[in-house]
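Enquirer: missing the sequence, but the structure's below:
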Ligand SMILES: *Cc1c(COP(=O)(O)O)cnc(C)c1O
């Protein structure tokens, strides 16, 4: 089937025809064939994230990425005697704060501007001011803007203080090299429809076994009980509690095969990075300024400022969509901007084609 457009959005994203094909069968779930697919995925995720299987486990959870974040926060943080610090520099950081509110978790929000990265020095100062903090959460790739936060600098600060760490690496895992063993974090979260290039339907959480083992009965939600999901998947290897998204699981297994065939996370990062660079340079040449300093810009998504106060984003969007690409509105509250993603089954020639279309738009709207 011909696709009407290529998604230049940060998840869902454009997947390969073979990933879509993997969904054409109605699979059964109760037998060992299916459970071995689940087990393979769980172990390949650890390899992808450079997490030692002795130390870490992968838990798969039905739902979108936010379900994975909520399950992790709601299971990791005990009902009593815990304080969560959240480093926030965009909408996804604020979402963790919102989750903490729902769960009535005492939380200290350290808020940065959306066009800055989380600053470890400010976090150190906040920790000194709040010795009561027991848990810490932040975002790796803040999809609001495309900023990449310095988790490598933040994690040792937490380890030193015995603070349990939660990283939302939703839009970076699989597309930006991450070494979980080196990070030594407790929980790191992503979902099927981001850089592994599967389709939406489940989240995955890499958790340190010794930490997760201490969370029995912490959860305030049955469906989002990460501990229980882990126990079910471990006692009967590969078994999901409750109905799993079978088509999505098979598509994801295929997507992991294709990630390896591409050369793994490093190779995929190189492709995303090259496309992001081409896009960034090309767009600036067409008169669109960057919102984010290239020093903190990641390869996932790029924000561009409107070229003029009366810029017609709706018209611009429709012009591009009619010619085969879907882009994303902006999310930086203070700067009128839009975003273009560079993840998914997207090649350099696609970015070149996009730049030509935007060039045409600029010509016509001079
Ligand atoms: C995509 C994303 C999420 C999850 O969003 P869902 O809509 O629930 O899939 C969370 N955090 C970040 C940084 C993301 O990019």
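Expert: Looks like it arrived, so ask away. A quick note: this is a predicted structure, and the numbers were derived from the prediction, not measured.
Enquirer: the nearest residue to residue 226 once chain neighbours are set aside sits in which helix or strand?
Expert: For residue 226, ignoring the flanking residues on the chain, the nearest one in space by CB to CB, 6 or more residues apart in numbering is residue 75 at 3.9 Å. Yep, even glycine has a C-beta here, placed from its N, CA and C like the rest. If you go by DSSP states H and E, residue 75 is part of helix 65-76.
Enquirer: the residue nearest to residue 226: how many residues sit nearby?
Expert: 27 (other CB atoms under 10 Å).
Enquirer: pLDDT at it, what is it?
Expert: What the model reports as pLDDT for residue 75 is 98.
Enquirer: quick check: it touching residue 224?
Expert: Yes: applying CB atoms under 8 Å as the test, residue 75 and residue 224 come out as touching, 7.3 Å apart.
Enquirer: now do the helices in the stretch 251-366 of the chain.
Expert: Along the stretch 251-366 of the chain, counting by DSSP state H, counting those that start in this stretch, helices occupy 264-285, 313-322, 348-364.
Enquirer: now mean neighbour count, distance to the ligand and mean pLDDT too, for those, in a markdown table please.
Expert: Shown next, in a markdown table, are the helices of the stretch 251-366 of the chain (neighbours: other CB atoms under 10 Å; distance: least, CB to the nearest ligand atom, whole Å; pLDDT from 0 to 100):
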| stretch | mean neighbour count | distance to the ligand | mean pLDDT |
| --- | --- | --- | --- |
| helix 264-285 | 17 | 14 | 98 |
| helix 313-322 | 14 | 20 | 96 |
| helix 348-364 | 15 | 21 | 96 |
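Enquirer: need the contact list for the residue nearest to residue 226.
Expert: 212, 215, 218, 219, 224, 225, 226, 227 (CB atoms under 8 Å, 6 or more residues apart in numbering).
Enquirer: what pLDDT does the fourth one get?
Expert: What the model reports as pLDDT for residue 219 is 98.
Enquirer: and the chain, what are its domains?
Expert: 6-10+264-364, 25-260 (automatic domain parsing).
Enquirer: so which of these is the most packed in?
Expert: domain 25-260 (a mean of 20; mean count of other CB atoms under 10 Å).
Enquirer: please see if that one touches the ligand.
Expert: Yes: contact of domain 25-260 with the ligand (CB under 6 Å from any ligand atom) involves 64, 65, 66, 69, 92, 139, 143, 168, 170, 171, 191.
Enquirer: returning to what we had before: for the helices of the stretch 251-366 of the chain, give me a markdown table that also has distance to residue 102.
Expert: Output for those, formatted as a markdown table (distance: least, CB to CB, whole Å):
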| stretch | distance to residue 102 |
| --- | --- |
| helix 264-285 | 33 |
| helix 313-322 | 33 |
| helix 348-364 | 39 |
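Enquirer: for residue 17, which of those helices is the nearest?
Expert: helix 348-364 (15.0 Å; CB to CB).
Enquirer: tell me what the closest one is packed against?
Expert: helix 264-285, helix 313-322, strand 325-326 (3 or more CB pairs under 8 Å, 6 or more residues apart in numbering; DSSP states H and E).
Enquirer: for the protein, name the helix or strand with the lowest mean pLDDT.
Expert: strand 328-329 (a mean of 91; mean pLDDT, DSSP states H and E).
Enquirer: so residue 222 belongs to a strand, correct?
Expert: No: under DSSP: H, G, I helix; E, B strand; the rest coil, residue 222 sits outside any strand and is assigned coil.
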